[in-house]
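1. sequence and predicted model, in that order:
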Amino acid sequence: MTLASPLPSAGPVTLAGPVPTIAPHSLLVFLLQLAFLLLFALVLGRLAERFRMPAVVGELCAGLLLGPSVLQHVLPAFSHWLLPQQPEQMHMLDATGQLGVLLLVGVTGAELNFGLVRKRGVTAARVSIAGLVLPLGLGIATGFALSGILLPDGVDATVFAFFLGVAMCVTAIPVIAKTLLDMKLLHRDIGQLILSAGVVDDIVGWFLLSVVSAMATAGLTAGVVATAVLYPVGVVLFAVLAGRPLVGAALRRAGRAEGATPTIMTVVVLVLFGAAATQAMKLESIFGAFVVGVLVGTSKDLDREKLEPLKSTALGFLAPLFFATAGLRMDLTGLRHLDVLAAALAVLAVAVLGKFSGAFLGARFSRLNRWEALALGAGMNCRGVVEVVVAMTGLRLGVLDTDAYTIIILVAIVTSLMTPPVLRFAMTRAEELADAELSLEDAGSGRTRAPDRSGRTGTSNSEVNP
């Protein structure tokens, strides 16, 4: 009996070495990038609020000052050291900002109040549809008209035009809500109507962004277009039929534990899985985060008080970092070229005219007076957060170059700045008109008007003595 000969040796077995960690210098630069961006975002955001402007304007300007528009010209050596043109270094900052925007969108979805839409459904739908269709159409037409100036090499003109159309038709719920709260209009009829129409705008806007992103990623063919439309519909149907009970069960289990940590971790995990799912389908990851956020917010098993720490972190830390990072990509030096400057003015005019006109017409069709319609137009014209997300998505996909990206961010800044003064003016005129109509009614009915608890004049049932 002989023993079997051993197998021939294939050489020594070696295990793959560990993945190298981040280099010390790269870590140092990354930490200083975060520190400078957050410091400037905090200071300029507070400064903007002091001047009664949305904080997002100051946070975008933080990146603008640290980016190629200012710092690179004032302190070029320091700018090159802090923001080196190395993809690996900048990708760390981009990844942090991407996590921030996913959680921001998830929290925004969880905060949407669908009760407002049901309560003011017909009027909100008219305002929202008119405020979507008109700027979308004008934006697409403008995209085709400006493709010779702003179209990046290798990008289909139709995809670029549709992307610009989506950028023109979106509305920023977080900025609108903060503006209405500051002006004490949040719980007034006009404030509730603006928010309800904005909810519809948000839903349709994220849907359209996902469709256009899919077309930009996979190409523009009949099959791709059909898939780009059907996939988001399938995601929504799956979310309603299967996602809702799964999310409810996860929140219910997390809610049984003490403290807010299990609920926060559960929501973050759900949002990230939702984002990963739509990203795997070649849709935009933001769409998945938004859908999951809506499922979380509409679940009866959510303890909203436990979600507050996540909301504070997303809005107070991650969102400002994302906006400052977005501002870094702006380069205002491109506006020194007359054709780019003319394109910027044209896009801004189309954005404002389209949104104002659409919302105004929708309000007038709903029999609101002209000042209330103007107030709705002012509220819906605010782009802010959502416009920045759309612009960053377009830049990442290569649909936008630096000039087009800068122009869209400028639209977000200018329209956010326009909203408070125009809304304040329109509401003052609307209240004066309402007071004048009440005075006429009182004169005809023989009633007097007495101050109500808010200090405004209201009708009294006491008769006027002859």
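-> That came through fine.
2. would Met53 count as being in a helix?
-> No - under DSSP: H, G, I helix; E, B strand; the rest coil, Met53 falls outside any helix and is assigned coil.
3. now do the same contact list for it.
-> By Cβ atoms under 8 Å, 6 or more residues apart in numbering, the contact set of Met53 is 416-417, 420. Every C-beta, even on glycine, is put in place using the N, C-alpha and C of the backbone.
4. nearest residue to Val411 other than its sequence neighbours?
-> Nearest residue to Val411, sequence neighbours excluded (Cβ to Cβ, 6 or more residues apart in numbering): Ala351, at 4.9 Å.
5. I'd like to know how far the one you found sits from Phe273.
-> Ala351 sits 34 Å away from Phe273, taking Cβ to Cβ, to the nearest Å as the criterion.
6. more neighbours: the two, which one.
-> The neighbour comparison of Ala351 against Phe273 (other Cβ atoms under 10 Å) goes to Ala351, with 29 against 12.
7. isn't that one up against Gly139?
-> Yes - at 7.4 Å, Ala351 and Gly139 qualify as touching, with contact defined as Cβ atoms under 8 Å.
8. overlap in contacts, the two.
-> By Cβ under 8 Å, 6+ apart, the residues touching both Ala351 and Gly139 are 167-168.
9. tell me which helix or strand Met418 sits in.
-> Element membership for Met418 (DSSP states H and E) is helix 402-445.
10. may I ask which of the contacts of Met53 has the most neighbours?
-> Among these, the one with the most neighbours (other Cβ under 10 Å) is Ser416, at 27 neighbours.
11. returning to that earlier point: tabulate the contacts of Met53 in CSV, adding columns for pLDDT and distance to Leu71.
-> As requested, these are exported to CSV (pLDDT from 0 to 100; distance: Cβ to Cβ, whole Å):
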residue, pLDDT, distance to Leu71
Ser416, 85, 23
Leu417, 86, 23
Pro420, 83, 29
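12. quick one: average confidence on stretch 85-96?
-> In this model, stretch 85-96 has a mean pLDDT of 87.
13. then stretch 398-412?
-> Averaged over stretch 398-412, pLDDT sits at 92.
14. how far out from the middle of the chain is it?
-> The chain centroid and the centroid of stretch 398-412 are separated by 15 Å under Cα atoms, centre = their mean, to the nearest Å.
15. repeat for stretch 231-245
-> Averaged C-alpha coordinates place stretch 231-245 at 22 Å from its chain's average position (Cα atoms, centre = their mean).
16. what are the buried residues along that stretch?
-> Of all the residues in stretch 231-245, those buried under the rule 16 or more other Cβ atoms under 10 Å are 231-232, 235-236, 239, 243.
17. quick one: contacts of stretch 112-126?
-> 173, 192-193, 195-197, 199-200, 202, 294, 297-298, 362-363, 365-366, 368.
18. chain center to that stretch: distance?
-> 20 Å.
19. with stretch 206-217 instead?
-> The answer for stretch 206-217 is 15 Å, by Cα atoms, centre = their mean.
20. ok, and what's touching it?
-> Where contact means Cβ under 8 Å, 6+ apart, the residues beyond stretch 206-217 that reach it are 105, 136, 155, 159, 162-163, 166, 169-170, 224-225, 227-229, 231-232, 278, 281-284, 286-287, 290, 389-390, 393-394, 397-399.
21. please pick the buried ones from these.
-> Using 16+ other Cβ under 10 Å as the burial test, the contacts of stretch 206-217 include 105, 136, 155, 159, 162-163, 166, 169-170, 224-225, 227-228, 231-232, 278, 281-284, 286-287, 290, 389-390, 393-394, 397, 399 as buried.
22. now name the helix or strand holding the residue nearest the centre of the chain.
-> For the chain, Val386 is the residue whose C-alpha lies nearest the centre (Cα atoms, centre = their mean; 1.9 Å). Assigning secondary structure by DSSP H and E places Val386 in helix 384-397.
23. just list what that helix packs against, helices and strands only.
-> helix 55-66, helix 87-111, helix 157-169, helix 173-182, helix 189-218, helix 319-328, helix 402-445 (3 or more Cβ pairs under 8 Å, 6 or more residues apart in numbering; DSSP states H and E).
24. nearest to Ser357, out of those?
-> Counting by Cβ to Cβ, Ser357 lies closest to helix 157-169 out of the helices and strands packed on helix 384-397; the figure is 11.9 Å.
25. where does pLDDT dip in the stretch 251-400 of the chain?
-> Judged against pLDDT under 70, the stretch 251-400 of the chain has no low-scoring part.
26. any chance you could map the helices in it?
-> In the stretch 251-400 of the chain, the helices defined using DSSP state H, counting those that start in this stretch lie at 261-280, 285-298, 304-313, 319-328, 338-365, 370-380, 384-397.
27. so which of those gets nearest Met92?
-> helix 319-328 (10.9 Å).
28. which residues are in contact with the closest one?
-> By Cβ under 8 Å, 6+ apart, helix 319-328 touches 34, 37-38, 40-42, 45, 55-56, 59-67, 83, 93-94, 96-98, 100-101, 104, 385, 388, 391-392, 409.
29. what of stretch 258-267?
-> So stretch 258-267 is contacted by 106, 110, 250-251, 253-255, 257, 296, 302-303, 305-310 (Cβ under 8 Å, 6+ apart).
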